[in-house]
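[1] structure for the following, please:
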Amino acid sequence: MSAALLIAILRDPASAAGLAPDGWTRLFATARSERLMGALAQRLGGLAVSPRVAPILADARFDAEAERRQALWEADRAKAAMAGLNIPVILLKGTAYVAAGLSAGVGRSIGDLDILVPRDRIDDVEAVLLGAGWEWVKPDPYDDAYYRRWMHELPPLIHRERDRMIDVHHTVLPLTARPTPVAAAMIADAVSLGDGLSVLSPEDMICHSAAHMLADGGLEGGLRNLWDMHCLFGEFGEAAGFWERLEERARLHQLRGTVRQAARLAHTIYGTAVPEHVRGLTLLDRVFTARLMSRDGWGREGRWVLGQGFYIRSHLLRMPPAMLARHLWTKWRKGYRPVG
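    Take a look at the predicted model:
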């Protein structure tokens, strides 16, 4: 599987030196599919490569830097729009990593701007963003009502001039999900960057990353999300008492098992340094590993049955079966059909 090639070179960039042209083709196809092209290009910086490969890596580094600048500009625009609200603008995911200068942000592919705000101020945030040029992406009344009642965020907004999306979270998992992270604690312990922006604490950042990867989806783009975890564990894991604090924080957010599973998968796939007591794959972990490793030489997802199983799992994680059945029936009647 080409996923194994991508993983091997992320772990040991020097091993790319002997790649044949078809190997580079498989490597780039998989990296693009997993949104790891920028991170891969950064890892291969300084390696002597052929004249055909070098421009591709240079373009990937250029694109990653452009995304970094755009992400920080979008964060600045959100901060300006919310300036009068007297609440922290807490960045999440990729924008948080680059704003905080973390290794997880190096070459990171960044799409939407994700922020976390107090739930009791969500209406105020919505109003100022609409006034600053953002517009609704989902005008359908059913979708709007579903987001507002059950989801962990407002319906997505897109800026009418810059065509960039913002996701405004009031917690980090859907309200129907089994774990119930304590968003108020995440907000209270956020770390200020000194420029009007904040990020989650190291422990909460890992809890959120693990929840996003394993407790809220079908593992699409899982290798990129697990690379985030690898970088975060590596950046924070050597601090005295970190793993004990992480364990305590994960227990508070009802994510202890999720964080431990992320650590096991990161150790197995990327060689991440984690404590001995969280190593060793379970049988379920092996299923997750198979899902993560399912890309073929063209970057396409293989193992269709496994993928469909994770697709169903992603919905069951978000809502109980009876509610899921009603939701899917409503979407079906309105003409929605899943792709794939």
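[2] burial count for Ala185?
    Neighbour count of Ala185, defined by other Cβ atoms under 10 Å: 14. Placement of C-beta: from N, CA and C, glycine included.
[3] pretty sure it sits in a helix.
    Yes: assessed by DSSP: H, G, I helix; E, B strand; the rest coil, Ala185 belongs to a helix.
[4] give the contact list for it.
    Applying Cβ atoms under 8 Å, 6 or more residues apart in numbering to Ala185 gives the contacts Asp204, Leu252, His253.
[5] ok, now with 10 Å
    Residues near Ala185 by Cβ atoms under 10 Å, 6 or more residues apart in numbering: Ser201, Asp204, Arg249, Leu252, His253.
[6] gap between it and Asp167?
    21 Å (Cβ to Cβ, to the nearest Å).
[7] same deal with Met186?
    For Met186 relative to Asp167 (Cβ to Cβ), the value is 16 Å.
[8] more neighbours: these two, which one.
    Between Met186 and Asp167, Met186 has the larger neighbour count (other Cβ under 10 Å), namely 25 against 20.
[9] pretty sure that one is touching Leu200, no?
    Yes: the pair Met186 and Leu200 passes the contact test of Cβ atoms under 10 Å, sitting 5.7 Å apart.
[10] any common contacting residues for the two?
    Residues touching both Met186 and Leu200 (Cβ under 10 Å, 6+ apart): Ile90, Leu92, Leu116, Val172, Cys207, His208.
[11] what about the strands in the protein?
    89-92, 113-116, 134-136, 157-159, 165-169, 191-192, 197-199 (DSSP state E).
[12] any weak-confidence spans in the stretch 1-150 of the chain?
    1 (pLDDT under 70).
[13] all helices for it, in order.
    Applying DSSP state H, counting those that start in this stretch to the stretch 1-150 of the chain gives helices spanning 2-11, 21-33, 37-43, 54-81, 93-99, 122-131, 141-150.
[14] do the same with the stretch 151-300 of the chain
    183-188, 202-214, 222-236, 242-252, 256-270, 283-292.
[15] which residues touch the closest residue to Leu284 other than its chain neighbours?
    Spatial nearest neighbour of Leu284, excluding adjacent residues (Cβ to Cβ, 6 or more residues apart in numbering): Gln261 at 8.0 Å. Taking Cβ under 10 Å, 6+ apart, we find Gln261 in contact with Ala210, Met213, Leu214, Ala215, Leu255, Val278, Leu281, Thr282, Leu284, Asp285, Phe288.
[16] so how far is Leu200 from the third one?
    When Cβ to Cβ is the yardstick, Leu214 and Leu200 sit 17 Å from each other.
[17] in the stretch 151-300 of the chain, which ranges drop under the pLDDT threshold?
    For the stretch 151-300 of the chain, the ranges with pLDDT under 70 are 216-219, 296-300.
[18] wait, Asp124 touches Ala81, no?
    No: assessed by Cβ under 10 Å, Asp124 is found out of contact with Ala81, at 11.0 Å.
[19] comparing those two, which shows the higher neighbour count?
    Each of Asp124 and Ala81 has its neighbours counted (other Cβ under 10 Å); Ala81 has more, 20 against 16.
[20] that one and Thr171, how far apart?
    21 Å.
[21] Trp24 now?
    Counting by Cβ to Cβ, the gap from Trp24 to Thr171 is 42 Å.
[22] of the two, who's got more company?
    Neighbours were counted for Trp24 and for Thr171 using other Cβ under 10 Å; Thr171 has more, 21 against 18.
[23] which one is that one nearest to, not counting chain neighbours?
    Going by Cβ to Cβ, 6+ apart, Thr171 has Ala183 as its nearest residue, at 3.8 Å.
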